[in-house]
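Undergrad: Next input, structure requested:
(chains A, B and C)
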Amino acid sequence: MIDSLDQIFVSLKHWLVGLTPEAWQPLVSILVSIVPIMALFGTCFAATTIFERKILGRAQNRLGPNRVRAFGVKTFGLLQPIADGIKMLTKEDIVPFAADKVVHFLAPVVLTTPAWMLFSVIPLGRNMAAIDLDAGILFFFAVGSASELAVFMAGWSSKNKYSLVGSMRAIAQMISYEVPLVLSTIPVLMLAGTLSPSQVVEAQGVGTGFFAHWFVFTPWGLSGFVVFLIAATAESNRSPFDLPEAESEIIAGFLTEYSGFKYALFFLGEYIGLFAVAGMAVTLFLGGWQAPCKALEFIPSYLWFFGKFAVLIVFFIWVRATLPRLRLDQLLALAWRFLVPLALINLVVAALWHFMGSWQFIAAMPVRWGICAMLVVLPFVWFARLLNGGKVAPRKYRYAE
Amino acid sequence: MLGLGIIKGLVETGRNFVGSYFKPERLVTIQYPEKHLPPVEAARTIPFLVYDGKDSMKGLRCTACTICETECPPKCIYIVKDTVKKPDYLGKMQNQPKVFDIDISVCMGCGICVEVCPFESIKMDQVFELSGSDRFGAMLLHKAQLVKSNDYFGEICHEQATQINAARADDVRKAEAKAKADADAKAKAAAVAVSNAAAGVAAVAASSMTATPGTTQPDSKPAPKAASTSTPLPAPSKPTVPSATP
Amino acid sequence: MAERLLLANIVMLNSIAFYILAVITLAGAVAALTLRNLVHCALCVAASFAGIALIYLQLDAEFVGFAQILVYIGAVAILVLFTVLLTRGTEVQAGVAFLSRSWPAGLAVTALVFAAIAAPILLTPELHKLAADSASAPVRKIGEELMGNYVLPLEVIGLLLTSALLGAVVIAMQDKKD
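TA: Sure, this is the predicted structure:
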């Protein structure tokens, strides 16, 4: 019973595919995988836009959007995404006279398409990855890197100084943060011994013990998770790393000259990218669809995945409500002088953890934990000190006289 | 250590988030179309025309002197004088505007028209829901749309309105007193005219001294000696309004 | 019978896909050579890279295909664009001849490089043997080979790249001192 509930979507897919003639089955199988993913994460996108605004509002002691009515019925603002969608779709699509029309048109497509493709390798539940690639995690980062090109295309083709500044910032940021992002996943791949997301999730299962072996519950896993989250926030251009579209400095960055549906596509692409990277964080560090302990395994696997996913999204929103924007030099210093060294040391910690796992003497576990935790915490403190380095002083402003 | 400040900040925003659900007084925003903030006396948006009494056209204070029209920096006021005069609050016949238009899409809300008006006739309003679907017609307010009662002015600018009302009541009292003194003086003069011709000559001389040419103040007309002695302050005694000297 | 039909279908679809990808790759390369706007050229190069990566994927070489995307589109193309923007303007230069004057020399160099790459590939005796096999190579096997049989070349390449990186840093540092 529990198993059938857990596998209900998989069985449903098989049943649907079985209904069609044999020659069509490969095509139908692909469609049956793609359509629910797009529908589901499209809905997630709509829901996130409204809940983000609600949470941001509450965090600033405001109410957030609460006025959309449908046929005279109060909805407490829950229909805001529909209103926003109608607004976006009915707006005039303005293309600047000087813009490079083709590139300007292609940029949102190049951003959104790879963002959607990222979901294909993320296991949304037991046996629920759209394609179970052998090198799925490599696929994820390879396809994810295409968004840099899209941002550059958008900024350059607009022929607007704010757009260009925004896209140059975006590229500097994305290139810098891609390094810690990928480096922080390598310990996971090392210890799971695979590049396939499904097998990474399997490796974090409950197994014979009582508690699940989520990687986040190890010293190197925690360190990697923190680095991954910071780098993921930067990769998805979210506050406090929203320099590329810093509205108080450069209007809207690379989005300045976009309007209407193209703007909506960019907006969608950024959120989809955020979802994908959050899904990957869940897969790599939070045990994917695995339950935290044996007693909770009766809850279907996809619910576990989406629960963790929702927690991460809310966390991203919470961070956005809290932190102010970084300066560009602070941004790059954080990546190169803090996150990259931490991620590199983390490789060594993960290797140590792996080899100390075979120790047999009595206090092996505490010693293993102690050494690894020390190797994580000490560099953290040290690099944090170096990062601040006593150089942080109130900035002296010179005003024109 | 790096990260502690971030955690503190997260706790703070988290407290705001939870607190805003349990303590409504945390919420600083007003649900605007249903609720309004209490008006502020110094707030000003666009000008309006003040009238006394019930009838907006009869009680209109404006005398179509066009000072505001000439002083208006963006030139948003347009006035046409009427040929028919009407009595003002002292009973004196004054001009009245036939057309008084303000283009509020041009008006910049500076309040100079209020500063220069010698009749307390034009005042700054506090309405701000002025949007309309017509870009030109709806933004051009005519006399009928601009008039508002003195009571309304008392509501939005209580202190200032009280001062002006007191000053105007004072004016009325003075005018009445003067009229009475005038009548007394006339009667007295009639009584002594025959016997004392020299006194009449002196009165004429005094009246030519007190008259100030060009002002439109009701009490500045040539007055007999008895009248000028009964009122100690011949100059306008309104506290808030600068004397209008052309 | 149906299975055979299906198989034939897949083979046909595969060859159609190959031709589409080949056209994308070649058209991208030709456009990169002929277009006058440098940024357009760089974008076309990226499209060409993508075509190559997709051809790898079509040959079931997952790892190589994804590495191609990650390295060439994610890094090299971006670097090229950056360089174009940081050096000279992206404006179209008028009055520049379509071919440079030294084009025969360029052609000769290109031919030499192509020959230098193609000859060893064609001369490899294992090439024909491998083609008969299933081309699919699991990532684990690639890793084991790299860490086993080919560990020396790997380390040499790593050393070379590191020294190149350090050299670049040194050049940049010297520039800063002036």
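
Undergrad: Centroid-nearest residue for chain C?
TA: residue C:49 (5.5 Å; Cα atoms, centre = their mean).

Undergrad: and that residue, that's in a helix?
TA: Yes. Using DSSP: H, G, I helix; E, B strand; the rest coil, the secondary structure at residue C:49 is a helix.

Undergrad: In contact with it, which residues are there?
TA: The contact partners of residue C:49, taken as Cβ atoms under 8 Å, 6 or more residues apart in numbering or on different chains, are C:28, C:68, C:69, C:72, C:73, C:76, C:77. To be clear about C-beta, it is placed using only N, CA and C from the backbone, and glycine gets the same treatment.

Undergrad: What residue in chain C comes nearest to chain A?
TA: Nearest to chain A in chain C, going by Cβ to the nearest Cβ, is residue C:74, at a distance of 2.8 Å.

Undergrad: what about residue A:214, how many neighbours?
TA: 21 (other Cβ atoms under 10 Å in any protein chain shown).

Undergrad: now it: how far from chain B?
TA: Per Cβ to the nearest Cβ, to the nearest Å, residue A:214 is found 21 Å from chain B.

Undergrad: what do you get for residue A:280?
TA: Taken as Cβ to the nearest Cβ, the span from residue A:280 to chain B is 23 Å.

Undergrad: Go ahead and confirm that residue touches residue A:140.
TA: Yes. Here residue A:280 reaches residue A:140: they are 5.8 Å apart, a contact under Cβ atoms under 8 Å.

Undergrad: still on that earlier bit, can I assume the residue of chain C closest to chain A is in contact with residue A:178?
TA: Yes. The pair residue C:74 / residue A:178 is scored as a contact, 7.3 Å apart, by Cβ under 8 Å.

Undergrad: Neighbour count: those two, which is higher?
TA: residue C:74 (25 against 21).

Undergrad: partners of the longest strand seen in chain B, with directions?
TA: What stands out as the longest strand in chain B, according to DSSP state E, is strand B:97-103. In the sheet, strand B:97-103 lines up against strand B:77-81 (antiparallel), strand B:140-141 (antiparallel) (DSSP bridges).

Undergrad: Adding mean neighbour count, distance to residue A:292 and mean pLDDT, write those out as TSV.
TA: Shown next, in TSV, are these (neighbours: other Cβ atoms under 10 Å in any protein chain shown; distance: least, Cβ to Cβ, whole Å; pLDDT from 0 to 100):
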stretch	mean neighbour count	distance to residue A:292	mean pLDDT
strand B:77-81	17	74	90
strand B:140-141	18	68	88
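
Undergrad: can you redo those strands as JSON lines with distance to residue B:155?
TA: Shown next, in JSON lines, are the strands paired with strand B:97-103 (distance: least, Cβ to Cβ, whole Å):
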{"stretch": "strand B:77-81", "distance to residue B:155": "24"}
{"stretch": "strand B:140-141", "distance to residue B:155": "20"}
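
Undergrad: per-domain residue ranges of chain C.
TA: C:2-90, C:138-178 (automatic domain parsing).

Undergrad: highest average neighbour count across these?
TA: Of all those, domain C:2-90 carries the top mean neighbour count, a mean of 16, counting by mean count of other Cβ atoms under 10 Å in any protein chain shown.

Undergrad: For it, what is the distance to the chain centroid?
TA: Distance of domain C:2-90 from its chain centroid, counting by Cα atoms, centre = their mean, to the nearest Å, is 8 Å.
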